[in-house]
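Chemist: pasting the sequence and the predicted model now:
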Amino acid sequence: MQVFKSYWKILNRYKGQMIMYLSIFMVVLFCFIIPNDMGEDGENQYTSMKAKFAVFDYDHSAASEALISYLEGIHIIVELKEDDTETIQDELFNRNIDCVLRIPEGFGEKLANGEQTGLVEIVAIMGTTISMLFETDLNTYLNFVNAYLLAGYDSKIAIEHTDTALNQQVDVRLPEQGDTSVMGNRYYYFNYLGWVLICMMVIGIAPILMVYNKKNLKERVHCSAYPFSRIHQEILLGVVLTGIGICAVIIAGAVIAFQGDVFSASGGLYILNMFSYMLVALGFAFLVSNLAANVEIVNMFANVISLGMAFLCGIFVPTEVLGKGVIAIAHFLPAYWYSQACGRIEHYTNGALGEILTCMGIELLFAATLVVLGMTISRKKRVEA
């Protein structure tokens with residue numbers, strides 16, 4: 001097993017880049033995908049931000065009270081005892097409040113007369129998102145009232161219509177049955193593998209195969225008593241075990257993230273699809289090892305192939321927003337069929353099993369094609385040498 005041992009020694013030199021891409025993938029998973037629930041219940045989990053505000057009403061009119069009542073309904077009102085600069089600055093600095101609203105005397109009369117500027121005063125920390133949200137809600141209310149006043153309503157009716165209009169809510173729900181565009185976290189986890197698997201396999205394995213393809217080393221090995229078939233068997237064993245090891249780490253990450261969902265029927269199909277695409281990635285590594293002249297070119301091949309397919313085949317950009325021409329081209333790329341299989345597995349039903357297996361079969365055909373191309377190029381180089 002001398003060749004097999006040498007394979008792992010060479011892999012140890014290139015494991016850093018493989019670990020880097022795997023780490024990037026895991027960081028994206030646990031920091032961005034999992035915390036933002038994109039699963040089946042994601043549409044019911046939105047909550048609006050609420051600002052903590054204090055108000056000083058010096059008008060005490062029906063209009064000012066209606067404004068305060070509206071803002072109190074969508075934000076959090078905090079009581080301040082004194083309206084002085086030092087107190088307000090301290091409260092803002094300590095983040096006890098986000099902003100202060102002052103309603104000057106004569107606010108109701110100015111609003112009824114159609115004045116739009118200088119109605120109120122807001123004190124807040126400049127540039128904060130929450131204060132901008134509060135100011136937007138305030139301006140929305142005043143604009144609605146002004147619109148009703150311009151339409152001929154008196155101030156009392158305008159305020160009533162504004163309250164009615166702004167308090168209306170629409171209940172939006174996704175259909176519970178049938179195909180939907182909502183994808184769960186498992187889909188994004190396994191779908192992104194269409195990018196990272198290619199990078200890791202090409203960058204990690206292609207340089208190893210290039211070492212064994214060096215003319216001097218190949219001639220010395222072939223002159224030894226080591227059987228030719230055994231050399232290739234041990235290299236193939238090392239390559240396959242590397243792919244299986246990476247997939248095992250990815251499966252372990254899925255178990256940590258999704259727990260029992262990985263051991264369901266759809267979870268098993270995700271894993272089977274990943275192994276099918278792993279063979280495609282190994283095929284690319286073999287092909288690149290016969291095309292590249294040095295390791296720097298291997299890195300270029302890895303990024304161009306993986307990122308190109310990720311953008312064209314529905315991994316980074318959903319196929320729904322891609323043009324017909326792009327999708328037509330994507331049919332000739334293995335990542336498209338991998339992504340299509342992921343989409344069908346996410347909405348898995350017994351009737352869709354044939355379509356999923358068809359996608360996996362096409363991936364295996366791509367893997368075989370890549371290996372044949374690599375062998376053809378390798379044989380041509382031997383003849384020319």
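Modeler: Yep, it's here.

Chemist: residue 210 contacts residue 297, correct?
Modeler: No: in this structure residue 210 lies outside contact range of residue 297 using CB atoms under 8 Å: 9.8 Å. Heads up, the C-betas are built off the backbone N, CA and C, glycines and all.

Chemist: those two: who's more crowded?
Modeler: Applying other CB atoms under 10 Å to residue 210 and residue 297 shows that residue 210 carries more neighbours, namely 20 against 14.

Chemist: list the contacts of that one.
Modeler: 289, 292, 295, 298 (CB atoms under 8 Å, 6 or more residues apart in numbering).

Chemist: among the residues you listed, name the buried ones.
Modeler: 289, 292, 298 (16 or more other CB atoms under 10 Å).

Chemist: chain neighbours aside, what residue packs nearest to the first one?
Modeler: Spatial nearest neighbour of residue 289, excluding adjacent residues (CB to CB, 6 or more residues apart in numbering): residue 209 at 3.6 Å.

Chemist: confirm that the one you found lies within a strand, as I assumed.
Modeler: No: Residue 209 is assigned helix when assessed by DSSP: H, G, I helix; E, B strand; the rest coil, not a strand.

Chemist: dump the buried ones among the contacts of residue 210 to a markdown table, plus pLDDT and secondary structure.
Modeler: Shown next, in a markdown table, are the buried ones among the contacts of residue 210 (pLDDT from 0 to 100; DSSP: H, G, I helix; E, B strand; the rest coil):
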| residue | pLDDT | secondary structure |
| --- | --- | --- |
| 289 | 89 | helix |
| 292 | 85 | coil |
| 298 | 89 | helix |
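
Chemist: closest one of these to residue 154?
Modeler: residue 298 (76.7 Å; CB to CB).

Chemist: touching, residue 306 and residue 198? I think so.
Modeler: Yes: in this structure, residue 306 is within contact of residue 198 by CB under 8 Å, at 3.9 Å.

Chemist: the two: who's more crowded?
Modeler: residue 198 (29 against 25).

Chemist: please pull out the lowest mean pLDDT helix or strand from this protein.
Modeler: Every helix and strand of the chain was ranked by mean pLDDT, DSSP states H and E. The lowest is helix 215-223, at a mean of 72.

Chemist: buried ones in the helix or strand that that one is followed by?
Modeler: Once the chain leaves helix 215-223, the next helix or strand it forms, by DSSP states H and E, is helix 228-258. Across helix 228-258, burial judged by 16+ other CB under 10 Å covers 231, 234-235, 238-239, 242-243, 246-247, 250-251, 253-254, 257-258.

Chemist: try stretch 207-220
Modeler: Buried residues in stretch 207-220, counted by 16+ other CB under 10 Å: 207, 208, 209, 210, 212.

Chemist: would you agree the third one is in contact with residue 235?
Modeler: Yes: contact between residue 209 and residue 235 holds when scored by CB under 8 Å: they sit 7.4 Å apart.

Chemist: which residues touch residue 335?
Modeler: Going by CB under 8 Å, 6+ apart, residue 335 touches 194, 195, 198, 277, 309, 310, 312, 313, 314, 315.

Chemist: mind doing that once more with 7 Å?
Modeler: Contacts for residue 335 (CB atoms under 7 Å, 6 or more residues apart in numbering) come out as 194, 309, 310, 313, 315.
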